[in-house]
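In: below: sequence and its predicted model.
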Amino acid sequence: MNLWDATLNSKPVERASLRTTEEVDVAIIGAGFTGLWSAYHLLSNKPDLKIAVIEKERVGFGASGRNGGWVSALYPSEMGADLVTPHLIQSIADIGVFASKYAPDANFQKGGSLTIARNSGQLKRLKNNIGSATFLNQSETLAKVQFNGALGSLFTPDCATMHPGRFVQALANHLEQLGARIYEKSPALRNTDHKVGTPSGALIATTVISATEAFAKGSRERIPLYSLMVATEPINEKIWDQIGLSNGESFAEASHLVTYGQRTADDRLAVGGRGAPYLFGSLMRSAAENNSRIHDQIIAMVRSWFPPLVNTQFTHRWGGAVSVTRDWQPFANLNQVTGEEKDSELTKLPFVNHTPPLWEPEPLRWLGVNSVVKLTDFADREEAATNQPSLLAKALSKVTGN
Ligand SMILES: Cc1cc2nc3c(=O)[nH]c(=O)nc-3n(C[C@H](O)[C@H](O)[C@H](O)COP(=O)(O)OP(=O)(O)OC[C@H]3O[C@@H](n4cnc5c(N)ncnc54)[C@H](O)[C@@H]3O)c2cc1C
């Protein structure tokens, strides 16, 4: 089971489904962070807006309630990163303010983040990409975390950790206090620019926001990629003294296959990684969230990072899908303009009204994506074997745009 669902402080509110036809200013499809923050910011600007959110399962059912709990300023694409990053850094502070007022039990802690090199190839890559981070040598790294084999790391202060399950629940509860309505078990079946139909009701809206991320179907503009996570039982203080992370730093190995970890507020390690296969035709299946081969690989990786965990139990395994575009750029598009449209620094950011290139049709997509996943793993092995930055990874980045 998902650690975050298993460690909510109270039973989450169960909300009714939409049973009538309602007229609203804004209809939002999907009660994850994108949908809920959209509602929050709209209501912050215009408190009298009538907003309804419809969710096919329950608040936080998607990646928002299953993720690694990093509140980070990492941007997945180099394109436009210089313009977007200052806003991402500001949003960490804003989320911190929200957390302290309305979600104190989400344990938001801004401890920064470490990307740790375990071989000379990784170390060379880190040194070539220091950017605004601080390079920590081996002893400075080990003083923060006793990561087996660490040779050095990059540290950025621009990352916090939190309990995403508690946070997404608190955000939804707060929105209802602001006057938004949230309907659960209400899948949008058909939607146009002004109407969303569900099995038992409908929303007629001036504006419809679709915030279904990896669940959006039937288009080649994005694909669902699974990321899998594991968490340990609460770890005793004696072992934590041998590991470190005492300031709540999140951490990752500087491998090409993405990894991410945090020490939770209840003293567990929660760690995730990519590497799960992409399913033909962009299918989503709960079996893909519970791929025992990948979960076992992640557990073996965590034990290799932290040998004192040899007898520690891994009590939770889960996963979820993230949406990936062909150029790794996120996008937020407005189909039609009704009434006032305000230009601001934010509307000029590169992901606004960005049209990502389409993914290849099947079966090329399946072949291509799964080959890249396998070759990325191979690139990490190459780096560990040669102690040089992987040439394969360099070639792959030209193909993937990442
Ligand atoms: C395992 C994992 C770890 C991650 N770790 C991190 C991390 O540490 N830091 C980070 O920043 N990001 C992380 N991510 C990515 C991040 O969690 C997501 O990008 C983010 O949560 C997406 O939010 P969202 O609201 O757009 O989508 P989601 O949270 O997926 O929400 C979409 C919602 O839409 C609903 N929905 C779908 N179809 C319909 C429909 N037809 N009608 C009504 N509702 C519908 C779904 O049920 C879902 O609740 C991680 C993702 C995963 C899977």
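Out: Looks like it arrived, so ask away. Numbering: from 1, shown residues only.
In: residues contacting residue 64?
Out: Residues near residue 64 by CB atoms under 8 Å, 6 or more residues apart in numbering: 32, 33, 34, 36, 164, 168. In short, each C-beta sits where N, CA and C put it, glycine included.
In: excluding its backbone neighbours, what's nearest the most centrally placed residue in the chain?
Out: In the chain, the C-alpha nearest the mean C-alpha coordinate belongs to residue 67, at 5.5 Å (CA atoms, centre = their mean). Of all residues not flanking residue 67 in the chain, residue 164 sits nearest, at 5.2 Å (CB to CB, 6 or more residues apart in numbering).
In: the one you found: neighbour count?
Out: Look at residue 164: counted by other CB atoms under 10 Å, it has 23 neighbours.
In: same check, this time on residue 281
Out: Close neighbours of residue 281, defined as other CB under 10 Å, add up to 10.
In: just the one 3 residues further on next, same as before
Out: Neighbour count of residue 284, defined by other CB under 10 Å: 14.
In: and it, how far from the ligand?
Out: Residue 284 is 10 Å from the ligand, where distance means CB to the nearest ligand atom, to the nearest Å.
In: quick one, what contacts that residue?
Out: Applying CB under 8 Å, 6+ apart, the residues near residue 284 are 214, 215, 224, 321.
In: possible to save the residues you listed as CSV with pLDDT?
Out: Shown next, in CSV, are the contacts of residue 284 (pLDDT from 0 to 100):
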residue, pLDDT
214, 94
215, 94
224, 95
321, 95
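In: what pLDDT does the closest residue in space to residue 277 that isn't next to it in sequence get?
Out: Nearest non-adjacent residue to residue 277, counting by CB to CB, 6+ apart: residue 370, 5.5 Å away. With respect to pLDDT, residue 370 scores 93.
In: same thing with residue 338?
Out: 61.
In: what stretches of the stretch 1-150 of the chain score poorly on pLDDT?
Out: In the predicted model, the stretch 1-150 of the chain carries no residue with pLDDT under 70.
In: those residues of it touching the ligand, which are they?
Out: By CB under 6 Å from any ligand atom, the residues of the stretch 1-150 of the chain that approach the ligand are 29-35, 54-57, 61-64, 66-70, 72.
In: strands of the stretch 1-150 of the chain, residue ranges please.
Out: Assigned by DSSP state E, counting those that start in this stretch, the stretch 1-150 of the chain shows strands spanning 21-29, 51-54, 70-72, 113-117, 134-137.
In: and those strands as a markdown table, adding mean neighbour count and distance to residue 203?
Out: Shown next, in a markdown table, are those (neighbours: other CB atoms under 10 Å; distance: least, CB to CB, whole Å):
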| stretch | mean neighbour count | distance to residue 203 |
| --- | --- | --- |
| strand 21-29 | 20 | 4 |
| strand 51-54 | 27 | 5 |
| strand 70-72 | 20 | 30 |
| strand 113-117 | 26 | 39 |
| strand 134-137 | 14 | 48 |
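In: in strands, which of the contacts of residue 284 fall?
Out: Assigned to strands by DSSP state E, the following of the contacts of residue 284 qualify: 224, 321.
In: compare the contacts of residue 284 and tell me which is most surrounded.
Out: residue 321 (24 neighbours).
In: hmm, that residue is touching residue 225, no?
Out: Yes. Using CB atoms under 8 Å, residue 321 makes contact with residue 225 at a distance of 6.5 Å.
In: in the stretch 51-200 of the chain, what residue is nearest the ligand?
Out: residue 62 (2.3 Å; CB to the nearest ligand atom).
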